[in-house]
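*Asks:* Structure for the following, please:
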Amino acid sequence: MSTMRVVTFILSIFIVGMVEMMVAGIMNLMSNDLHVSEAIIGQLVTLYAITFAIAGPILVKLTNRFSPKPVLLWTLLAFIVGNLMIALAPNFAILVIGRILSSAAAALIVVKILALTALLTAPQHRGKMIGIVYSGFSGANVFGVPIGTIIGDLVGWRFTFIFIVVVSVFVGILMYIYIPKTNDEIAVKNRNQSETKHSGGTILRPAEVGKYLGITFLLLVANSVTFIYINPLMLSGGHDLSFVSIALLINGVAGMIGTSMGGFLSDKMTSKRWLAIATTLFIVMLLLLNLFLTGTVILLAVIFIWNIMQWSTNPAVQSGIIEHVDGDTSQVMSWNMSSLNAGIAIGGVVGGLVVSKLNVFATTYFSATIAVIALILILSLNQISKYKAKRV
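*Replies:* Coordinates of the predicted model:
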């Protein structure tokens, strides 16, 4: 693929990733303006995840017979309209409608962009290219969410969503120029697809795959319970929004490092061992968070290690799942994505209940407890060497 097409795909994923977690950085601003509790505002992340998980497969099925370019352009228009509704919402009800619209559109954008990436890339480079395009999510955490938080702090949270709309319009122009019009270029790639169509994925060990999916779900629940409420948590520790922006930037950098590190260390140590180490450190950092909440450097260090460990678990899980599947792994990977979104959704619900019934400080302890359950599941995993020995 051309460089500009890759940039277009990365930016498409970037705006979706930014919208997903943006609420965490401007939660108090939205709460004060709309006169809704922070616990309720936090459910916007849950709403996004649920809509994303449900709408994605349905919209893909409905649009499969159409060319990708018009589908993406019309979907991006719906995404822009949804975010404009949020920016201009006179009340929380209108904001929810805008959130549902933008979430559903985001689900289709991600699926179509990743599908195009695979289709327009030679088989031997697909994994690498999908990873490059998917880095848009990490970039959203490193740059998008902190920038959005700063904009919200300076001129109001509504301008954060106006910023997203402006970037989306720019992405739309790039899509119009660099996405293939019909099936002209895509048809050339069908030869590659035909080579793999007859080698569908076979799950060799369903129980182990089920464990990995459970690990993804539990770790995302654990992370979301605290991360979605990181804004009020840090404000309660005496920090201001500028410091929250720095913390979110640290989170994004940690995400990029963790994603790369998790894949590397999983290859070196096996996915089970790295998952056990990363989850243990993840739990320790969550337990330490409240102790250093009033600090600065130490608090940022805790947040940094927490997020490196959490982000590093995803490539480790994917690596582990692939070991238990023969052939095409796309179906199982889609289940893993569903587990991820379900974890975010449930984590938002649990976090909201904890904040409303107890207090924001209790979120870290609930997160650590859920992560302990994930650790037990990790320790129950069987090493792949056990199955290889049986074959011999």
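*Asks:* For stretch 154-161, could you pull out the residues that count as buried?
*Replies:* Using 16 or more other CB atoms under 10 Å as the test for burial, stretch 154-161 gives 157-158, 160-161. For the C-beta atoms, the positions are set from N, CA and C on the backbone; glycine is no exception.
*Asks:* Likewise for stretch 29-38?
*Replies:* Neighbour count says stretch 29-38 has 29-31, 34, 36, 38 buried, by 16+ other CB under 10 Å.
*Asks:* Repeat that for stretch 258-278.
*Replies:* For stretch 258-278, using 16+ other CB under 10 Å, the buried residues are 258-263, 265-266, 270-278.
*Asks:* Just these: which are in helices?
*Replies:* 258-263, 265-266, 271-278 (DSSP state H).
*Asks:* one step back: using pLDDT, spot the least trustworthy of the buried residues of stretch 29-38.
*Replies:* By pLDDT, E38 ranks lowest within the buried residues of stretch 29-38, coming in at 81.
*Asks:* For that one, give its distance to I94.
*Replies:* 19 Å (CB to CB, to the nearest Å).
*Asks:* and if you look at I150?
*Replies:* Applying CB to CB to I150 and I94 gives a distance of 25 Å.
*Asks:* And those two? Which one has more around it.
*Replies:* I150 (20 against 13; other CB atoms under 10 Å).
*Asks:* Which strand or helix spans the closest residue to the more buried one other than its chain neighbours?
*Replies:* Spatial nearest neighbour of I150, excluding adjacent residues (CB to CB, 6 or more residues apart in numbering): S245 at 5.2 Å. Using DSSP states H and E, S245 falls within helix 241-269.
*Asks:* pLDDT of that helix, averaged?
*Replies:* 79.
*Asks:* And for stretch 142-161?
*Replies:* Rounded mean pLDDT across stretch 142-161 is 87.
*Asks:* Just the residues contacting stretch 100-118, thanks.
*Replies:* 1, 9, 12-13, 16, 19-20, 47-48, 51-53, 55-56, 59-60, 63, 68, 71-72, 75-76, 78-79, 81-83, 85-86, 126, 129-130, 133-134, 179, 186 (CB atoms under 8 Å, 6 or more residues apart in numbering).
*Asks:* Could you do stretch 71-82 as well?
*Replies:* Stretch 71-82 has contacts (CB under 8 Å, 6+ apart) with 12, 15-16, 59, 63, 98-106, 108-109, 112-113, 165, 168-169, 171-172, 175-176, 179.
*Asks:* No further questions, thank you.
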